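Engineer: give me the fold of what follows.
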Amino acid sequence: MLITPAARVERAGGEPSTTNNRMELTAVIRALESVRADGHPAQGIVIHTDSQYVQRGITDWIRKWTTKGWKTSQGKPVKNKELWVRLLELTNEMAPTWVWVRGHAGDPMNERCDELVQKEIRRITGAT
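Structural biologist: The predicted model follows:
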């Protein structure tokens, strides 16, 4: 994920025994918290993500979930609710623009993010 117009800062992390969706949400949350903590202005933030789960979730699905008491269209509890709640708080506060980019399609920033992800996976799993 890339957040603009803030200065480019690379951070990576991971957790063992988690899901890709949780990590996608956590990455956006930590990035927004970092922008805020670093004193960057909240106006004009653009988040580029290859995760349709995150992009569509925060721009479309979340309105339906909150209206339905955090239930999906199938009536099931929304997964990762605590992360969605935090992301909604930050989104309401900072009003970022959300841009979906196709993953693994040559976008230089997306490719760099994938490199960082692969490095973290190797670090966590001990793979070389």
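Engineer: nearest residue to residue 120 in space, please, no chain neighbours.
Structural biologist: residue 14 (4.1 Å; C-beta to C-beta, 6 or more residues apart in numbering). In short, each C-beta sits where N, CA and C put it, glycine included.
Engineer: buried residues, the helix or strand containing residue 88. List them.
Structural biologist: Under the criterion of DSSP states H and E, residue 88 resides in helix 81-94. Using 16 or more other C-beta atoms under 10 Å as the test for burial, helix 81-94 gives 83, 84, 86, 87, 88, 90, 91, 94.
Engineer: and what about the residue nearest to residue 120, helix, strand or coil?
Structural biologist: Under DSSP: H, G, I helix; E, B strand; the rest coil, residue 14 falls in the coil class.
Engineer: cool, residue 121 as well?
Structural biologist: helix.
Engineer: and the residue nearest to it when sequence neighbours are not counted, how close does it get to residue 100?
Structural biologist: If the residues on either side of it in the chain are set aside, residue 121 comes closest to residue 14, at 6.7 Å by C-beta to C-beta, 6+ apart. From residue 14 across to residue 100, the span is 22 Å (C-beta to C-beta, to the nearest Å).
Engineer: now swap in residue 90 and tell me
Structural biologist: 18 Å.
Engineer: now residue 79
Structural biologist: Applying C-beta to C-beta, the value for residue 79 to residue 100 is 20 Å.
Engineer: tally of neighbours for the closest residue to residue 79 other than its chain neighbours?
Structural biologist: Nearest residue to residue 79 in three dimensions, chain neighbours excluded: residue 21, at 7.2 Å (C-beta to C-beta, 6+ apart). Neighbour count of residue 21, defined by other C-beta atoms under 10 Å: 15.
Engineer: alright, calling it a day.
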